[in-house]
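>>> this is a predicted model, with the sequence first.
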Amino acid sequence: MASNNSIREVWNYNISEEIDMIYKILPFTPFVSFDTEFPGTIYKPDVPNYCLTSLPPETNYFYMKANVDALKLIQFGLTLSTFPDPLSGSVRSFVWQFNIKDFDVDSDVHNSDSIALLKNQGIDFTRNKVDGIDSGLLISMLTDCGVFGSKIPHAWITFHGAYDFGFVVKILTGSPLPSDPITFMVLVRQIFGESVFDLKHVMKSFNGLYGGLDKLANTLKVERRSGTQSHQAGSDSLLTMEDSRTFWNNPQNDVSIATFDLLNYGKLTFFPDLSDEENIYMKDGSIFEPGVMSEMSSIIVSNLNVDHLARTVS
């Protein structure tokens with residue numbers, strides 16, 4: 001199997017053409033991974049690090065909500081992937097890195113250690129302020145083109161993704177996150193659909209899999225794309241996708257992927273059970289509706305002409 005295409009950098013001056021490209025590709029890519037970069041965490045429970053995993057789900061959600069509500073997005077990474085070609089087994093992955101202008105390193109709250117790490121990994125905060133994209137505009141455009149809320153079934157894949165989902169929910173609704181995790185997960189289901197997986201949760205069920213995204217990649221013998229950096233959202237979203245594909249294609253992992261669907265089993269780091277769905281109200285007061293791509297849901301992705309798709313994004 002092989003993925004191709006470099007990470008496409010997106011700024012305010014080329015976002016329209018890149019969103020149009022996503023619109024064209026989305027019906028043929030049933031697998032979606034995403035990642036966000038944000039300025040660290042500023043609220044943490046007063047317990048040793050080794051105790052964090054044993055905290056109650058409600059406590060973990062409380063701190064996640066506090067941080068997401070207070071912080072601003074820096075980058076959003078998106079990877080769309082096809083089914084393997086029936087003849088060659090090759091897979092096409094298409095990757096975008098959206099650079100966000102919201103965060104001001106001089107005036108907005110942040111974790112100084114996290115900012116130093118992101119600078120070291122190549123994020124240019126000055127350019128983001130000048131050429132970056134408004135996060136509200138980005139999420140709105142991704143919704144309109146069908147990435148969020150589409151009736152086309154997609155499998156969403158993350159790594160330790162609670163904060164990633166949190167930022168999307170906050171920006172799309174234009175409101176602080178709900179006060180309880182149940183309501184939050186209802187919103188996740190309505191925005192992202194019925195199939196959501198977190199590799200951090202999945203790996204806990206298998207011996208020898210532990211640590212962060214790069215540690216998992218090393219264990220699975222997955223190499224990060226040459227010339228890309230960790231802690232940049234596009235590269236991390238692609239590595240998440242490639243880790244997941246390598247894991248599920250291992251014949252020793254004969255358990256069904258559906259076993260780990262976070263929305264069926266409530267394992268987005270902190271979650272009990274889902275309640276009945278309610279309407280999502282966006283910041284203009286309107287009810288959230290599926291994206292305009294929904295009429296294309298009858299396309300059979302297994303019949304994808306991969307060469308044609310490659311020309312689309314060339």
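Cool, the structure landed. Residues are numbered from 1 along each chain as shown.

>>> what's the per-residue pLDDT of S88 here?
Here the pLDDT value assigned to S88 is 81.

>>> angles on the backbone of the closest residue to A155 other than its chain neighbours, please.
Leaving aside its chain neighbours, A155 sits nearest to S195 (4.5 Å; criterion: C-beta to C-beta, 6 or more residues apart in numbering). Yep, even glycine has a C-beta here, placed from its N, CA and C like the rest. Recorded main-chain torsions at S195 are phi -130, psi 100, according to degrees, to the nearest 10.

>>> to what extent is S195 buried, counted in neighbours?
Per other C-beta atoms under 10 Å, the neighbour tally for S195 reads 19.

>>> that one and S179: what is the separation?
27 Å (C-beta to C-beta, to the nearest Å).

>>> before we move on, which element is V196 in?
Per DSSP states H and E, V196 falls inside strand 195-198.

>>> can you give the strand pairings for that strand, parallel or anti for each?
strand 155-158 (parallel) (DSSP bridges).

>>> tell me the helix or strand right after the strand it pairs with.
Following strand 155-158 toward the C-terminus (DSSP H and E): helix 162-173.

>>> now that next one: how far from the chain's centre is it?
10 Å (C-alpha atoms, centre = their mean, to the nearest Å).

>>> and the average pLDDT for that helix is what?
Here the average pLDDT along helix 162-173 is 95.

>>> which elements pack onto that helix?
strand 31-37, helix 57-70, helix 135-144, helix 181-192 (3 or more C-beta pairs under 8 Å, 6 or more residues apart in numbering; DSSP states H and E).

>>> may I see the ones you listed organised as TSV, with mean pLDDT and distance to L118 added?
Shown next, in TSV, are the helices and strands packed on helix 162-173 (pLDDT from 0 to 100; distance: least, C-beta to C-beta, whole Å):
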stretch	mean pLDDT	distance to L118
strand 31-37	95	6
helix 57-70	92	16
helix 135-144	96	16
helix 181-192	89	25
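
>>> ok, which of those comes nearest L216?
strand 31-37 (13.3 Å; C-beta to C-beta).

>>> CA atoms only: put that closest one into CSV for me.
Output of strand 31-37 as CSV, limited to C-alpha atoms (Å, rounded to 0.1, in the frame of the first residue of the first chain):
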residue,chain,number,x,y,z
PHE,A,31,-11.8,7.5,5.9
VAL,A,32,-11.1,10.8,7.6
SER,A,33,-8.5,11.7,10.2
PHE,A,34,-7.9,15.1,11.7
ASP,A,35,-5.7,16.8,14.3
THR,A,36,-5.5,20.2,15.8
GLU,A,37,-2.7,22.3,17.3
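
>>> and L216, how many neighbours?
The number of residues near L216, taken as other C-beta under 10 Å, comes to 23.
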